[in-house]
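J.: Pasted the sequence and its predicted model underneath.
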Amino acid sequence: MAQARKALSKSAKRSQGRAPSSSARAQVKTFHNYIGGEWVASVSGEWFENANPADTRDVVGRFPASTATDVNRAVEAARAAFDRWRHTPAPRRAELLFRLGEILIRNKDRFAAEMTREMGKVLKETGGDVQEAIDCTYYTAGEGRRLHGFTTPAEMPNKFAMCVRQPVGVCGLITPWNFPMAIPSWKLIPALVCGNTVVIKPAEDTPLSTFNLVKACEEAGIPAGVVNLVAGYGDTAGRALVEHRDVRLISFTGSTETGRIVASTCADRNAICSLEMGGKNVIIVMDDADIDLAIEGALWGAFGTSGQRCTASSRLVVHKKVYKQFTKKLVERARALRVGDGSDPNTDVGPVINADAVHKIMGYVEVGEREDGARRACGGKRLEKGEHAHGYFIEPTVFADVEADMRIAQEEIFGPVTCVIPADSLEEAIGIGNGVRYGLSASIYTRDVNRAFHAMNEMYTGIFYVNSSTIGAEVHLPFGGTKATGNGHREAGTQVLDIFSEWKSVYVDYSGKLQRAQIDEVNFE
Ligand code: NAD
């Protein structure tokens, strides 16, 4: 097809690094949107490039820079498919999802390798990302044979009362780049099992992994129009989806700032809105902790995914009695981490996602250096030579002697930077832990069960760990956070079904007469 396509200049991962040679560019694959069961180019013909953050000369693919016109077509396709899909019995819908799970298993290694190429995190972690999508698919598909409602006694005699779930309608799913298959699956699978149809708008930095997921849906035989995919930028395609009056529900994961915009647009048109947003998570290390274990947890939590997890351990609050010992060991171990291309099995820490992220993270390193009293104990530099010359690499960075109200201890950095904060007591540590605007994940290292339960009770977060890092959620438990992290919903577990279905209360009166609840007396004789 000789359709003219022009590349948009705005592509964060392409904003730095050398352009690929013209022969390399000629081989770059072009991907399409998936609308109504067809793979189609954006109506405008515009596209953007997705580059490897470990080496920006490596262009992963060209993806449609969709506009409101594409979104409208996708919503129309989802609307048209809704009645047939909601009338398909839930156990039958689930059968297709089990098939999807098998396809994901078969392709796990390829999907993980492609995810590392577009997103940067090390292969072990991208394998985990795909595995999470598999787990979510199997677990949630099982709900096709449950989707429990409940029965309850009615106030009046010869009257039956029950509650059933009904689907919501067309759902818009907007996802971030750091878990590019797991997070879309957390939304897509429960939406489908509940009988909804969807339009997904993946993050502009990692569309390929979501394309892989949707392609697998097609292969599993999910009917045309039930799943639609529209790639593009947040302020065009994303916004059009949020504003669309036929999209009954928006499920959003991303930054708190974007979440606020999404929420207020949804409020204007009475759309349902579920938000999963930022975090500033804490590990508390008590004086009775197994220090080596706590160091393992801190390293994994702070530098896994290069610190780009909503649950990253970006604050380590350490009891003063073990503070020196902990900080010394942590810094030694952080210095030894190998930063490089995530596809190299020897790499511990991959690149960060794009040039904007480098700018933001290095900005926070400067902020930390300017804070009175805080000490950069290791890292803090961008790596730009040799194997790092063409990617977005930052050294694992530890700030020590940090105070709880410093900006680096309050704001989400979303990079390989963590802060060690001394504390005198458990109560002080809990106060520091709760003293941020976010409320996603917290953990404590202690051998004292009383302290562990006390902290579990007092930390106002959606997730809490004992003797484990702040990361490591499993799909059959609810996931989400308090305060600026969320708006009261939970993904995963069976709790996610409350996002993607609405309750209908049903009263069946078989008395054969008018019975007025709250008015008619019941005769006890
Ligand atoms: P982001 O808010 O920049 O983007 C998220 C998504 O929203 C992207 O698909 C983007 O295109 C879209 N978007 C941007 N502007 C929009 C608009 N005006 N209308 C509609 N959509 C719009 O976030 P990000 O940089 O992709 O992700 C990082 C953030 O996500 C971090 O804050 C992290 O903590 C958070 N996150 C939270 C969770 C969680 O479960 N709580 C999980 C992963 C990531």
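T.: Alright, I've got the coordinates.
J.: for the closest residue to residue 436 other than its chain neighbours, helix, strand, or coil?
T.: Of all residues not flanking residue 436 in the chain, residue 280 sits nearest, at 4.4 Å (CB to CB, 6 or more residues apart in numbering). In this view, the C-beta of every residue, glycine as well, is placed from N, C-alpha and C. Put simply, residue 280 is coil when judged by DSSP: H, G, I helix; E, B strand; the rest coil.
J.: And for residue 452?
T.: Following three-state DSSP, we place residue 452 in the helix state.
J.: Spit out the contact partners of it.
T.: Counting by CB atoms under 8 Å, 6 or more residues apart in numbering, residue 452 touches 444, 446, 466-467.
J.: Just to be sure, which of those residues are found in strands?
T.: 444, 466 (DSSP state E).
J.: Let's see the ChimeraX selection covering just the buried ones among the contacts of residue 452.
T.: Applied in ChimeraX, the following selects the buried portion of the contacts of residue 452 according to 16 or more other CB atoms under 10 Å:
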select :444,446
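J.: Of the contacts of residue 452, just say which sits nearest to residue 246.
T.: Checking those against residue 246 with CB to CB, the nearest one is residue 466 at 45.4 Å.
J.: so what's the backbone phi/psi at the residue nearest to residue 436?
T.: With angles defined as degrees, to the nearest 10, residue 280 sits at phi -140, psi 80.
J.: separation between it and residue 296?
T.: To residue 296, residue 280 is 21 Å away according to CB to CB, to the nearest Å.
J.: Looking only at neighbour counts, state which of these two leads.
T.: A count of neighbours by other CB atoms under 10 Å puts residue 280 above the other of residue 280 and residue 296, at 24 against 14.
J.: quick one, what contacts the closest residue to the ligand within the stretch 51-200 of the chain?
T.: Scanning the stretch 51-200 of the chain for the residue nearest the ligand gives residue 176, at 3.1 Å (criterion: CB to the nearest ligand atom). Neighbouring residues of residue 176 by CB under 8 Å, 6+ apart: 183, 203, 253-255.
J.: Not counting sequence-adjacent ones, nearest residue to it?
T.: residue 254 (4.6 Å).
J.: count of neighbours near residue 482?
T.: Close neighbours of residue 482, defined as other CB under 10 Å, add up to 17.
J.: Could you point out the bridge partners of it in the sheet?
T.: residue 439 (DSSP bridges).
J.: is it true that it touches residue 459?
T.: No. Using CB atoms under 8 Å, residue 482 is not in contact with residue 459; the gap is 9.6 Å.
J.: Doesn't residue 460 belong to a helix?
T.: No. Using three-state DSSP, the assignment for residue 460 is coil, not a helix.
J.: check contacts around it.
T.: Residue 460 is in contact with 434, 439, 482-483, counting by CB under 8 Å, 6+ apart.
J.: I'd like the residues you listed written out as a markdown table, with distance to the ligand added.
T.: What follows is the contacts of residue 460, written out as a markdown table (distance: CB to the nearest ligand atom, whole Å):
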| residue | distance to the ligand |
| --- | --- |
| 434 | 17 |
| 439 | 10 |
| 482 | 11 |
| 483 | 12 |
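J.: Who wins on neighbours among these?
T.: Ranking those using other CB under 10 Å puts residue 439 first, with 23 neighbours.
J.: Give me the pLDDT value at that residue.
T.: Here, the pLDDT recorded for residue 439 equals 98.
J.: got a list of what it touches?
T.: By CB under 8 Å, 6+ apart, the contact list for residue 439 reads 460-462, 481-486.
J.: 10 Å instead, please
T.: Taking CB atoms under 10 Å, 6 or more residues apart in numbering as the criterion, residue 439 is in contact with 279-281, 433, 459-463, 480-486.
J.: Buried among these? Need that as a selection in PyMOL.
T.: Buried residues within those, by 16+ other CB under 10 Å, are selected in PyMOL with:
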select buried, resi 279+280+281+433+459+461+462+463+480+481+482+483+484+485+486
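J.: Flag every residue of the stretch 151-300 of the chain that's near the ligand.
T.: The stretch 151-300 of the chain comes close to the ligand at residues 174-179, 201, 203-204, 233-235, 238-239, 242, 253-255, 258, 261-262, 276-279, as judged by CB under 6 Å from any ligand atom.
J.: Of the residues you listed, which belong to strands?
T.: Members of these lying in strands (criterion: DSSP E): 174, 201, 253, 276.
J.: Give me the number of neighbouring residues for the residue nearest to residue 474 when sequence neighbours are not counted.
T.: Distances taken as CB to CB, 6+ apart put residue 135 closest to residue 474, at 7.6 Å, once the chain neighbours are dropped. Neighbour count of residue 135, defined by other CB under 10 Å: 19.
J.: try the one 10 residues further on
T.: Neighbours of residue 145 under the rule other CB under 10 Å: 12.
J.: Tell me who's in contact with it.
T.: Shown in contact with residue 145 (CB under 10 Å, 6+ apart): 89-91, 94-95, 193.
J.: Drop anything exposed from these.
T.: By the neighbour-count criterion of 16+ other CB under 10 Å, the contacts of residue 145 include these buried positions: 90, 94-95, 193.
J.: Nearest to residue 354 among these?
T.: residue 193 (33.9 Å).
J.: The closest one and residue 453: what is the separation?
T.: 35 Å.
J.: can you count the residues close to residue 121?
T.: Residue 121 has 28 neighbouring residues, counting by other CB under 10 Å.
J.: er, residue 200 I mean
T.: Residues contacting residue 200 under the criterion other CB under 10 Å number 28.
J.: for the one 4 residues further on, same thing?
T.: Residue crowding around residue 204 was assessed by other CB under 10 Å; the count is 22.
J.: So it versus residue 176, what's the distance?
T.: Per CB to CB, residue 204 is found 10 Å from residue 176.
J.: what about stretch 402-421, start to end distance?
T.: Stretch 402-421 has its terminal residues 5 Å apart, counting by CA to CA, to the nearest Å.
J.: Which positions within that stretch qualify as buried?
T.: For stretch 402-421, a neighbour-count test (16+ other CB under 10 Å) marks 402, 404, 406, 408-409, 411-421 as buried.
J.: Just the ones in helices from the residues you listed, please.
T.: 408-409 (DSSP state H).
J.: Same list, the buried residues of stretch 402-421, but only the ones touching the ligand.
T.: For the ligand, the contacts drawn from those by CB under 6 Å from any ligand atom are 412, 414.
J.: So which residue is smack in the middle of the protein?
T.: residue 183 (4.5 Å; CA atoms, centre = their mean).
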